[in-house]
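Enquirer: below: sequence and its predicted model.
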Amino acid sequence: MAPDLLGLVLEHETADGLVAVTLSEVEAYAGSIDPASHSFRGRTGRNAVMFGPPGHAYVYFTYGMHFCANVVCSPPGVATGILLRAGRVVVGEELARGRRRFDSVRSPRDLARGPARLCQAMAINRSQDGEDLLDPASKLRLRGAVGDERAAEPAQIEAGPRVGVSQAADIPWRFWLAGDPTVSPYRRAVPRRRTSKTSVAPPVPE
DNA sequence: CCTGTGATTTTCT
DNA sequence: GAAAATCACAGGC
């Protein structure tokens, strides 16, 4: 399932050219049984694609500035998604570098190291939401369909807790290629403090 | 290496 | 209104 995506190639063809990455890190989200999944509380306008057929892209916007991409991985009516967390750029490195907002990208390995970085490097946004990744005619597509010859040997795959989720944080549904430098560093979710402006806590008289 | 924190806006309660 | 499947940066080890 989720680990089968590791080693596959994701391509995005735009007017600027082609960027392709080899997937090195993914995370599974299990719909109605997973409190961390966007589809846990049912269908909404945002997550509608997850309830559709498998092999399509579910792209969402978060934290006020980032996009993240998933592959729908269940039959219509069941909403599971696999978050594409990281990859290694194998085609279009210069193009990918130019798309990154910050010029602090020091090495090629950082170009798509992290789900929002991956989308930035590949110019993925809400307009790719719902695109059929298994159709070779799509601009955004996966090369080597799931179920084809194994892309990565099972021995190369490691698993661990998911990154940045506040619910069900300890379920090991994150998978990556062992030793691959493009795998993102693990960070546990930290409880967000309110943005300093509207401080809710009045001074306690003492 | 690790930890904490500000940025910024869509989405849902 | 508040949270959010994140990132970049600063600072300590």
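Expert: That came through fine.

Enquirer: bridged to the most centrally placed residue in chain A, which residues?
Expert: Centroid-nearest residue in chain A, with Cα atoms, centre = their mean: A:Leu84, separated by 2.8 Å. Beta bridges link A:Leu84 to A:Val26 when assigned by DSSP bridges.

Enquirer: next, A:Arg88: secondary structure please.
Expert: strand (DSSP: H, G, I helix; E, B strand; the rest coil).

Enquirer: what about it, distance to DNA strand B?
Expert: Taking Cβ to the nearest atom of the strand, to the nearest Å as the measure, A:Arg88 falls 17 Å from DNA strand B. C-beta coordinates here come from the backbone N, C-alpha and C atoms, glycine included.

Enquirer: pretty sure that residue sits against A:Asp110.
Expert: No. Using Cβ atoms under 8 Å, A:Arg88 makes no contact with A:Asp110, being 10.6 Å away.

Enquirer: low-confidence ranges, chain A, go.
Expert: A:102-104, A:145-151, A:193-206 (pLDDT under 70).

Enquirer: so where do the strands sit in it?
Expert: A:9-14, A:17-30, A:57-62, A:66-72, A:80-91, A:140-143, A:157-160, A:174-177 (DSSP state E).

Enquirer: now render these as a markdown table, adding distance to A:Arg106.
Expert: Shown next, in a markdown table, are these (distance: least, Cβ to Cβ, whole Å):
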| stretch | distance to A:Arg106 |
| --- | --- |
| strand A:9-14 | 23 |
| strand A:17-30 | 18 |
| strand A:57-62 | 25 |
| strand A:66-72 | 20 |
| strand A:80-91 | 14 |
| strand A:140-143 | 27 |
| strand A:157-160 | 25 |
| strand A:174-177 | 21 |
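
Enquirer: can you name the residues in contact with stretch A:88-104?
Expert: Contacts to stretch A:88-104, defined as Cβ atoms under 8 Å, 6 or more residues apart in numbering, come from residues A:9, A:11, A:16-22, A:24, A:105, A:108-109, A:111-112, A:117, A:120-123, A:180, A:182.

Enquirer: can you do 10 Å?
Expert: A:9-14, A:16-24, A:65, A:105, A:108-113, A:117-123, A:177, A:180-183 (Cβ atoms under 10 Å, 6 or more residues apart in numbering).

Enquirer: burial of A:Thr62, as a residue count?
Expert: Around A:Thr62 there are 12 other residues, counting by other Cβ atoms under 10 Å.

Enquirer: how far away is it from A:Ala189?
Expert: 13 Å (Cβ to Cβ, to the nearest Å).

Enquirer: now the common contact residues for the two.
Expert: Jointly contacting A:Thr62 and A:Ala189 under the rule Cβ under 10 Å, 6+ apart are A:Gly164.
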